[in-house]
Each structure stands twice: as C-alpha cells, then as structure tokens.
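> Sequence and predicted model, in that order:
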Amino acid sequence: MPAVTCRFSDGGSFIVEGEVGQNFLEVALSQGVPIRNQCRSGSCLTCLCGTESGSEPLILRRGQVTSLLKSDRELGKALCCVSELMSDGELYFDYPSDETGPSEVQSFIDSVEWIASDAVKLSVELADGAWLDFEPGQYVEISVPSSEECRSYSMCSAPEDLPRLEFMIRILEDGSMSNYLSEFAKVDDVLKLRGPFGKFVWSGSRASPHLFIAGGTGLSPICSMLQHIRSVSGKKPQMTLSLSCANPDAMLDLDFLKLLEAWMPTLDLKLSVREENTGAFLTGNALTPIDFESLSPDTEAYVCGPDGLIKAATEKLLAAGVRPENIFYEQFVATGNT
C-alpha cells in the first residue's frame, strides 16, 4: 500500500495511504488532508502539487485530458483530482495546511453593462460585514438565482476595489447564467458567491517585463492583475497586453482598455480581431502581433483563454527561451451552459 507524504508551505505534513489506482484527491480528503480543490475534472489547476525530482507517487488517470501543460508535467507538477496513487513519495503544496476554506458571501447587483456584442460586465457590492480576500487573477463561483446551479467567473476588478467586485461574462445562447443576466437581472438582486479559487495570480515581481495574452473573456483575470499593478505604489514593470476577439463588435470594453493604457505609460496594448476587421484593429489572434524572438528569458507571461491559445502560446514562449517557471496560464472552460 503506497504512502505519500503531503508537505505544505507552513511546515505541516500529512501521510496519505491507499491502494494503487485509487483517486488521490478522494483518498487524501477522506483522510483529512486540506488540499485545495474545485473542478475535480483537471481543468482549473486548483489542486496542483509538485513532486520530488525522479519521484512518481502519482500517475495521470488513463485517457484523462487536463489543462496542465506537458512542460509543467515535465517539471514534476501534477493535478490531484485526476491522478491515481502509484508509489511511495512526497508531494509539495505552496500554501499553508491550516488555511481556512473558501468564503461564502452574499452580494447585491449594482449593474449589468453590455461591453461587447456578446459580453457584459457584472458589478456587485458585498453585503454589509461580508468580505472576500482574493489575489488578482482568482475567480469565484456565483450561484444562478432560482436554481441549484453555479458558474465560475474571474474578477476583473482589483482587491483594492472591495467591497465592489466586477466580472466580464460571455453571454451564451441558452446558458443559465447568461439568460438570467441578459433578461432578468436587476439592481439589488442577491447573488451568492463562493471562493476565491485559482492559482492564476500575479507573482508580485516588478523587475521583469510582463506579457499578458488573452482570448475573449480570458481578459477578465488579466484586467484584475493590471488594475492591481496600477494601484500599488512604486515602479511598474514594462507590460504588453495582447487581446484577440472574434470580430470588432466582440471587442471587450474598448473604452476601458484605452483608458487603462493612458493611465499606465508602461503598458503597450495590442488588440486583434480574427475576422471582419474594419481597420481599427490588428488582424489575427492574440499571438500574431507578438515579437517572440525579442523576449528575454526572464519575461513573465500570463496567458488566459481557450486551450488552443494556451498551448500555442506556451510552445512559442518556450521556443523563445522564456523560463518555464515564468509562464502562468489559466484555461477558460465552460461548465455546462454558462
């Protein structure tokens, strides 16, 4: 029976024992190990852990598709929720073992504003006495009113904006939350939030150049990072934001992006559309306008969007010599109908 030691950043450790082939997250949680988790399908990276060099206590479930890139797997990273017990070893988690779980809070709708032909910005205010500590780039679950469903959305506002939170949300046909926001939502409606979740967060570094790559509403967590960077005092990193949308009408919150560029002299904005370009934007995807050959190895790259964009961006970044540990990404995955 394999025995796996789970080590946390505060020095806490737990030993997990189970049968070969058992789902590691399920076994660990049943034995009281405080592993962060959310999607349980290999898409959100919340249950990410590191392994010892040369050690392989976990193995990816056969046939499982995940958003964890090959380059990260080669660095010894694994997702607990889609991994099976294999052998003795050690796992490392970059958060303390005694942290509290996600918060559950109430909020009230301030506004629902159309920011593109198929996207809205949802603004909410936390209820009196409620709070939600989050890092720029994280997300929460929002309960769909009058149902038992919930959807995950990244904040586009910064922690400094609390108790106000904002979200960029794609409106999809026949989506539960989409229908509510586009047809029924009104000011002061109550929305229940649970979180925060996610490891796609700003590193806090200001010395290295930053490259932000976003596809569609993958812009939301990146906007949270940019607004936070703007709010902190001191030197700002040199930054490039490359955003692509389907067509000009789908370009997200253009007025705000132009204002953000004006507020932040070290930010270079590159906006692209894939079709129907009227000349106001670049033509192509978010990778088209980037000069990868000019990137330095210490560039910090933040990529958010569909799986194809993340994989293509990562391949180009690694080929350009950007260090793997400087590449951060989050895949936007629809859970049911949004």
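Noted; the coordinates are in hand.
> Tyr153 contacts Pro221, doesn't it?
No: with contact defined as C-beta atoms under 8 Å, Tyr153 does not reach Pro221; the gap is 9.6 Å. In this view, the C-beta of every residue, glycine as well, is placed from N, C-alpha and C.
> what's the overlap in contacts for these two?
Listed as contacting both Tyr153 and Pro221 by C-beta atoms under 8 Å, 6 or more residues apart in numbering are Tyr139.
> Tell me the buried residues in stretch 54-70?
Pro57, Leu58, Leu60, Arg61, Thr66, Ser67, Leu68, Leu69 (16 or more other C-beta atoms under 10 Å).
> Can you tell me which of these is closest to Glu149?
Ser67 (21.9 Å; C-beta to C-beta).
> which SS state does that closest one fall under?
coil (DSSP: H, G, I helix; E, B strand; the rest coil).
> Apart from its chain neighbours, what residue comes closest to it?
Gln331 (4.0 Å; C-beta to C-beta, 6 or more residues apart in numbering).
> Could you tell me the backbone phi and psi angles at the one you found?
phi -90, psi 130 (degrees, to the nearest 10).
> Near it, how many other residues are there?
Using other C-beta atoms under 10 Å, Gln331 has 22 other residues around it.
> Could you report the neighbour count for His228?
His228 has 20 neighbours, counted by other C-beta under 10 Å.
> which other residues reach the helix or strand it falls within?
Here His228 sits within helix 219-231, counting by DSSP states H and E. Identification of contacts with helix 219-231 by C-beta under 8 Å, 6+ apart yields 136-139, 153-161, 167-168, 198, 200-202, 212, 214, 236-237, 239, 241, 243, 252-253, 260, 263-264, 267, 302, 304, 330.
> how about 6 Å then?
For helix 219-231, the surrounding residues in contact (C-beta atoms under 6 Å, 6 or more residues apart in numbering) are 136-137, 154-156, 158, 160, 168, 200, 202, 212, 214, 243, 252, 264, 304.
> if we can go back for a sec, out of the buried residues of stretch 54-70, which two are the most distant from each other?
Farthest pair in those, by C-beta to C-beta: Pro57 and Ser67, 21.2 Å.
> Would you mind listing the buried residues in the helix or strand encompassing Thr5?
Using DSSP H and E, Thr5 falls within strand 3-8. Going by neighbour count (16+ other C-beta under 10 Å), the buried part of strand 3-8 is Val4, Cys6, Arg7, Phe8.
> Of those, which is the nearest to Glu84?
Nearest to Glu84 among the buried residues of strand 3-8 is Val4, at 11.3 Å by C-beta to C-beta.
> got a list of what that closest one touches?
So Val4 contacts Val16, Pro57, Gly89 (C-beta under 6 Å, 6+ apart).
> what's the answer for Glu135, then?
Going by C-beta under 6 Å, 6+ apart, Glu135 touches Val201.
> gap between it and Phe328?
According to C-beta to C-beta, to the nearest Å, Glu135 and Phe328 sit 12 Å apart.
> repeat for Thr5
Look at Thr5 and Phe328: by C-beta to C-beta, they are 27 Å apart.
> List the beta-bridge partners for Leu126.
Ser107 (DSSP bridges).
> shouldn't it be in contact with Gln106?
No: contact between Leu126 and Gln106 fails when scored by C-beta atoms under 6 Å: they sit 7.5 Å apart.
> measure Arg73 to Asp94 for me?
The value you get for Arg73 to Asp94, if C-beta to C-beta is used, is 17 Å.
> who's more crowded, those two?
Between Arg73 and Asp94, counted using other C-beta under 10 Å, Arg73 has the larger neighbour count: 14 against 10.
> pLDDT at the more buried one, what is it?
pLDDT, Arg73: 87.
> Can you tell me the SS state at it?
Taking three-state DSSP, the label given to Arg73 is helix.
> How about Asn282: what's its closest non-neighbour residue?
I think there's a mix-up here, since residue 282 is Leu and not Asn. Leu282's closest residue in space is Ser272 (C-beta to C-beta, 6+ apart), at 4.2 Å.
> what helix or strand does that neighbour sit in?
strand 267-273.
> before we move on, what about Ile213?
Applying DSSP H and E, one finds Ile213 within strand 210-215.
> What lies in contact with that strand?
Residues from elsewhere that reach strand 210-215, judged by C-beta under 6 Å, 6+ apart: 222, 237, 239-244, 286, 299-306, 309, 313.
> Filter these down to just the buried residues.
Among those, those classed as buried by 16+ other C-beta under 10 Å are 222, 239-244, 286, 299-305, 309, 313.
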